[in-house]
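Trainee: need a structure here:
(2 chains)
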Amino acid sequence: MLDTALMISLTLIVLAMAMNIYRLAIGPDIPDRLLALDTLYVNSIALIVLLGLWLNTKTYFEAAILIAMLGFVSTMAICRYLLRGDIIE
Amino acid sequence: MTFYVIAEGVIAFLLVAGGIFAFTGSLGMLQFKDFFMRLHGPTKGTTLGIGCILIASMLYFTITQRELHVQELLITLFLFITAPVTGHMLAKTGLHMHLRFITGTRGSVPEFRDEDVGQSRVARPARAKHPWKYRRAKRTRMRR
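Mentor: Now for the predicted structure:
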């Protein structure tokens, strides 16, 4: 039962990432692409956690924490740049 | 034995629910017509989906290795805190860059004034005058 659920979840996450990449390619404006990148890193965290479940290891959680923190900081930096024209004033 | 079957069912349900929520969030981001409508999908659906998947992973490693694992809860808390901040900053960026929106997005309820909806400039109170200059002008007026 767990293998089937893992396969279904992996398929859905990969489809979600494909849709994010499509929106990243066709996004009409810069904030659309920024939103697509934000969703892409959140989905990549989900993919890494599912890989850890698949391989039955706990090695990849540090990578997930790093992706979460750096993704948040980079999204904030690009938002600040688009809002104020400068990141650190 | 029964405990493991029930735990496996709960973990499988959380995994499938997380996948469905993440898929729905990304589908909303793909299909909506407007940036401000597209913002709703990832900030709510994807965050809930990844919360479900991380809690499923936490339950799995807690049950199979017979010790408490809370690292996934750390990622869950961090994402649940940072997702509204990211959504707020993205909405501010979209408002700042004057993106196009469809007519239904801006909620122009008739009770709202034009300043609330953004149709006209916000009326600000007049700035307070400088106390010494104001006093000097008053004094000169009194001398005359």
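
Trainee: Centroid-nearest residue for chain B?
Mentor: The centre of chain B sits closest to B:Pro84, judged by Cα atoms, centre = their mean, with a distance of 3.1 Å.

Trainee: Now name the helix or strand holding that one.
Mentor: Per DSSP states H and E: B:Pro84 is located in helix B:71-96.

Trainee: and what of A:Leu35?
Mentor: Using DSSP H and E, A:Leu35 falls in helix A:30-55.

Trainee: residues of that helix that come out buried?
Mentor: By neighbour count on 16 or more other Cβ atoms under 10 Å in any protein chain shown, the buried set for helix A:30-55 is A:31-50, A:52-53. Placement of C-beta: from N, CA and C, glycine included.

Trainee: still on that earlier bit, now the residue nearest to the centre of chain B, nearest residue through space, not along the chain?
Mentor: B:Thr43 (6.9 Å; Cβ to Cβ, 6 or more residues apart in numbering or on different chains).

Trainee: neighbours around the one you found, how many?
Mentor: B:Thr43: 23 surrounding residues under other Cβ atoms under 10 Å in any protein chain shown.

Trainee: Chain neighbours aside, what residue packs nearest to residue 42?
Mentor: Chain wasn't specified; assuming chain A. B:Thr46 (5.2 Å).

Trainee: Chain B, not that one
Mentor: Nearest to B:Pro42 is A:Thr39, by Cβ to Cβ, 6+ apart, at 4.1 Å.

Trainee: The one you found: what's it in contact with?
Mentor: Shown in contact with A:Thr39 (Cβ atoms under 8 Å, 6 or more residues apart in numbering or on different chains): A:16, A:20, B:25-26, B:29, B:41-42, B:46.

Trainee: Any regions of chain B where pLDDT drops low?
Mentor: B:103-144 (pLDDT under 70).

Trainee: go again using 90 as the cut-off
Mentor: B:1-5, B:7-8, B:29-42, B:61, B:63-75, B:89-144 (pLDDT under 90).

Trainee: Check it for its longest helix and report it.
Mentor: Criterion DSSP state H: the longest helix present in chain B is helix B:2-31.

Trainee: Is any residue of that one near chain A?
Mentor: Yes. Helix B:2-31 comes into contact with chain A (Cβ under 8 Å from any Cβ of the partner chain), by way of B:8-9, B:11-13, B:15-16, B:18-20, B:22-23, B:25-27, B:29-30.

Trainee: Among the residues you listed, name the buried ones.
Mentor: With burial judged by 16+ other Cβ under 10 Å, the buried subset of those is B:8, B:11-12, B:15-16, B:18-20, B:22-23, B:25-26, B:29-30.
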